[in-house]
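Participant: give me coordinates for this.
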Amino acid sequence: MIEQVLTHHNAALRVKITVKTLISVGIIALAVVLPQLVHLALGAPGGVQWLPMYLPILLGGCLLGSIWGLGVGILSPIVSFAITALAGNPMPALVRLPYMIVELAVFGAISGLFSQRIAKNGWMAFPAVLLAAVAGRLVFLMIAAMFQSVSPLSAATVWSQIRTGLLGMILQAVIVPFLVMGLRLLLIKDKESHE
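Facilitator: Alright, predicted model coming up:
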């Protein structure tokens, strides 16, 4: 979606990369801060239930496209782990980190596949988020099943976490598309005012 707006404004490649980088940094920062706020307010179970790191990644994919969405999906849990480990309480936990990297990469890449369609029709954010969430959670479950003999995360544990986070995922499947549609309207309004 951002790509289409920048292209409409005839932005140079350097400007496009700069804008997307700044948005990505903001998305990653939100993916670090939001879980901290949820954990402060609701404790560790709040993170499993409300899935606060997922929201920025889904938003980033819808706005930035699949390649940049993949990037923020990969980098967000790594940056969060690195920063929070310095404080002595790494989030996500080291055992969960590889799973989250893959899961969030899928979230960002799949939601990003819809970015051009969202630029034309904001309602496309709904299938983007829904498909990304289902694919990401399925990949998480499949990886846990494949590696459960060598990892403390079994498929049963992951399935339990998926069920616990279902309400959070449903809320995000509503909140993120409306955020994306709101941003789209602002960008279209801005685009029209410059014509």
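Participant: sec struct for Ala93, please.
Facilitator: coil (DSSP: H, G, I helix; E, B strand; the rest coil).
Participant: where does the spatially most central residue of the chain land on pLDDT?
Facilitator: The chain has Ile57 as the residue nearest its centroid, 1.2 Å off, counting by CA atoms, centre = their mean. Ile57 is assigned 98 on the pLDDT scale.
Participant: any idea which element it lies in?
Facilitator: In this assignment (DSSP states H and E), Ile57 forms part of helix 54-64.
Participant: next one: that helix to chain centre, how far?
Facilitator: In terms of CA atoms, centre = their mean, to the nearest Å, the gap separating the centre of helix 54-64 from the centre of its chain is 4 Å.
Participant: quick one, the next helix or strand after that helix and helix 54-64 angle?
Facilitator: Next helix or strand after helix 54-64 toward the C-terminus (DSSP H and E): helix 66-86. Our comparison of helix 66-86 with helix 54-64, counting by axes from the mean of the first three to the mean of the last three CA atoms, to 10 degrees, yields an angle of 150 degrees.
Participant: ok, residues contacting helix 66-86?
Facilitator: 20, 24, 27-28, 31-32, 35-36, 53, 56-57, 60-62, 64, 90-92, 94, 97, 100-101, 104-113, 115 (CB atoms under 8 Å, 6 or more residues apart in numbering). Using the backbone N, CA and C atoms, a C-beta is placed for each residue, glycine as well.
Participant: weed out the non-buried ones from those residues.
Facilitator: Buried by 16 or more other CB atoms under 10 Å: 20, 24, 27-28, 31-32, 35-36, 53, 56-57, 60-62, 64, 90-92, 97, 100-101, 104-113, 115, out of those.
Participant: flag every buried residue along the longest helix along the chain.
Facilitator: Ranked by residue count under DSSP state H, the longest helix found in the chain is helix 13-42. Judged by neighbour count using 16+ other CB under 10 Å, the buried positions of helix 13-42 are 16, 19-20, 23-24, 27-28, 30-32, 34-36, 38-39.
Participant: same for that helix, what does it pack against?
Facilitator: Other helices and strands packing on helix 13-42, by 3 or more CB pairs under 8 Å, 6 or more residues apart in numbering; DSSP states H and E, are helix 2-8, helix 44-50, helix 54-64, helix 66-86.
Participant: of all those, which lies closest to Leu185?
Facilitator: helix 2-8 (12.0 Å; CB to CB).
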